[in-house]
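A.B. asks: turn this into a structure:
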Amino acid sequence: MPSLYYERVTVKSRADENQSPLYGRSEIVAMANSWAVERGWPAVSEQAVIDWKKDALLPKVGSRALGRGKGTTGLWDDRSYIQLQRVIELRAAGMRRRSRMRLHLWIEGYDVPWTRVRGDLEGLLGPSIRASNAELGTDRWGDQQGTALSERARHAIERHLVGRPALGKALMEFGLPEVLATRLANWAQRPEVKDILTHWAYHLFSPDSPALQVTLAQVAQAVPDPLKPLLSPPEGLLDMFAGVLAPTSSGSNRAWLAARKADERLIANVGDLARNFDDLWRSSFRVAAAFVLEGGSGVPSWAVPPIAGALHGLAALQPLRTNDNKILLAGLLLNRRRNLEDHGDPLGVMGRALAPLFEWLAEHPDVIALSQKDPRAAEEQLLAAPLPEETKRMVMEEGRSGERVAAQGARN
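C.D. replies: Got it, this is the predicted structure:
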């Protein structure tokens, strides 16, 4: 069976449409079948292509009159031909459900109507959320708001999520080798580690519970001061995970509600960040490792080698190496509370702009050290660097935002 994921040809942008030749339906089907047969895949019929177009798997380009009383024929361009090739490839890899195909095409940057994407995300999230709640029996957990976990909730989470067998399996699905996944799952059974993982899992089902923050704060008190920030993630990051698996019947699951009601701008930005997430993942861990090695993080010297090594190891992982995982990430991003305020506009910017910024900083750790002593001088070096203009604009906006916050604090 052919691989579902491959290094594909770049999709033509809308700016190229006027320069692309137009083909009739019979012509483009013949071209696609010639391409498919060369790869050992079955040919497709014109009717199948018509159906795919109706199901929004292929973009609508236009039509041409065939003459008086003869009707019209569809027109296709290079962009739609490349998308037709991808549809054929997905089918050859065994994908049949068209809603899933649409989501894959969308996450790869192909032309899919945003309203269909929204409906497909709702159709994907709803059943998976309900299945998770049914498996863990959350309807018997009692009140899911507050700092205390019921015994039913703790037992269900340990059995299905953080116990040794379940956690080992999840780590292997994340991409870790079996030997490493088994060792980590065994280590995670230590009471203090298991308690954090249990509260983290509970956080996924409880949209308003501060249990995880309380647990992290308690554990942070027992570690050296330089390591405390590692156990104090930004509130916004934790909020993105809060209640992402909350029952759909509760009316408090933001991811599912957003999938049902999100506007075009939010859907587009969520897809943008999901497409760029692999680069963002790699670059963020690389710059974190450079920060630790440069000595600006406050990590004790004895801990620098193992921590930097661990960060480089995380950078090498590919947790979203499949489009299925990127689609699930899209659901997670829809769960952001701030989506109501900013419609997700910063999401696409983060995906496009932060990755090149982090990559450049990882190669120039001296700028990281300089930023601790002279932020303005470091900013000047960033603006002089060969970075995308969008990245530089974001740096300037963040700088101005920081200055406004500082000025407000001084006035207060």
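A.B. asks: CA atoms for contacts and neighbours, from now on please.
C.D. replies: Noted.
A.B. asks: Val219 - how many residues pack around it?
C.D. replies: Applying other Cα atoms under 10 Å, we find 16 other residues in the vicinity of Val219.
A.B. asks: same deal with Ala156?
C.D. replies: So Ala156, with other Cα under 10 Å, has 18 neighbours.
A.B. asks: give the contact list for the closest residue to Asp345 other than its chain neighbours.
C.D. replies: Sequence neighbours aside, Asn269 is the residue nearest to Asp345 in space, at 6.1 Å (criterion: Cα to Cα, 6 or more residues apart in numbering). Neighbouring residues of Asn269 by Cα atoms under 8 Å, 6 or more residues apart in numbering: 344-348.
A.B. asks: would you map the strands across the stretch 51-200 of the chain?
C.D. replies: Secondary structure of the stretch 51-200 of the chain by DSSP state E, counting those that start in this stretch: the strands cover 62-65, 72-76.
A.B. asks: so where's the stretch 301-412 of the chain shaky on pLDDT?
C.D. replies: Scanning the stretch 301-412 of the chain with the threshold set as pLDDT under 70 gives 344, 398-412.
A.B. asks: could you rerun that using 50?
C.D. replies: By pLDDT under 50, the low-scoring segments of the stretch 301-412 of the chain are 402, 404-407, 409, 412.
A.B. asks: helix or strand for the residue nearest to Asp345, which one?
C.D. replies: Applying DSSP states H and E as the criterion places Asn269 in helix 264-294.
A.B. asks: buried ones in that helix?
C.D. replies: Going by neighbour count (16 or more other Cα atoms under 10 Å), the buried part of helix 264-294 is 266-294.
A.B. asks: next secondary structure element downstream of it?
C.D. replies: Following helix 264-294 in sequence order, the next helix or strand is helix 304-316 (DSSP H and E).
A.B. asks: export the contacts of Asn269 to TSV and tack on distance to Ala255, secondary structure and neighbour count?
C.D. replies: Below are these laid out as TSV (distance: Cα to Cα, whole Å; DSSP: H, G, I helix; E, B strand; the rest coil; neighbours: other Cα atoms under 10 Å):
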residue	distance to Ala255	secondary structure	neighbour count
Gly344	13	coil	23
Asp345	17	helix	16
Pro346	17	helix	15
Leu347	15	helix	21
Gly348	18	helix	21
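A.B. asks: any idea which of the residues you listed is closest to Gly24?
C.D. replies: Set against Gly24, the nearest of those by Cα to Cα is Gly348 (35.6 Å).
A.B. asks: return the residues in contact with that closest one.
C.D. replies: Gly348 neighbours (Cα under 8 Å, 6+ apart): 269-273.
A.B. asks: confidence score at Ala222?
C.D. replies: Ala222 carries a pLDDT score of 66 in this model.
A.B. asks: so how far is Leu347 from Asn269?
C.D. replies: According to Cα to Cα, to the nearest Å, Asn269 and Leu347 sit 6 Å apart.
A.B. asks: related to what we said a few turns ago, compute the inter-axis angle for the helix holding Asn269 and helix 304-316.
C.D. replies: 150 degrees (axes from the mean of the first three to the mean of the last three Cα atoms, to 10 degrees).
A.B. asks: pLDDT on helix 264-294, on average?
C.D. replies: 89.
A.B. asks: any idea how far that helix is from the chain center?
C.D. replies: Relative to its parent chain, helix 264-294 has a centroid offset of 9 Å by Cα atoms, centre = their mean, to the nearest Å.
A.B. asks: how about stretch 331-349?
C.D. replies: 12 Å.
A.B. asks: can you get me a residue count around the nearest residue to Asp324 once chain neighbours are set aside?
C.D. replies: Leaving aside its chain neighbours, Asp324 sits nearest to His104 (7.4 Å; criterion: Cα to Cα, 6+ apart). Applying other Cα under 10 Å, we find 22 residues neighbouring His104.
A.B. asks: contacting residues for His104?
C.D. replies: Contacts for His104 were tallied using Cα under 8 Å, 6+ apart; they are 323-324, 327.
A.B. asks: one more time with 10 Å, if that's ok
C.D. replies: Counting by Cα atoms under 10 Å, 6 or more residues apart in numbering, His104 touches 86-87, 90, 98, 110, 112, 117, 322-324, 326-327.
A.B. asks: ditto for Phe205
C.D. replies: 129, 132-133, 138, 144-145, 241-247, 252-253.
A.B. asks: give me phi/psi at it?
C.D. replies: Taking degrees, to the nearest 10, you get phi -100, psi -10 for the backbone angles of Phe205.
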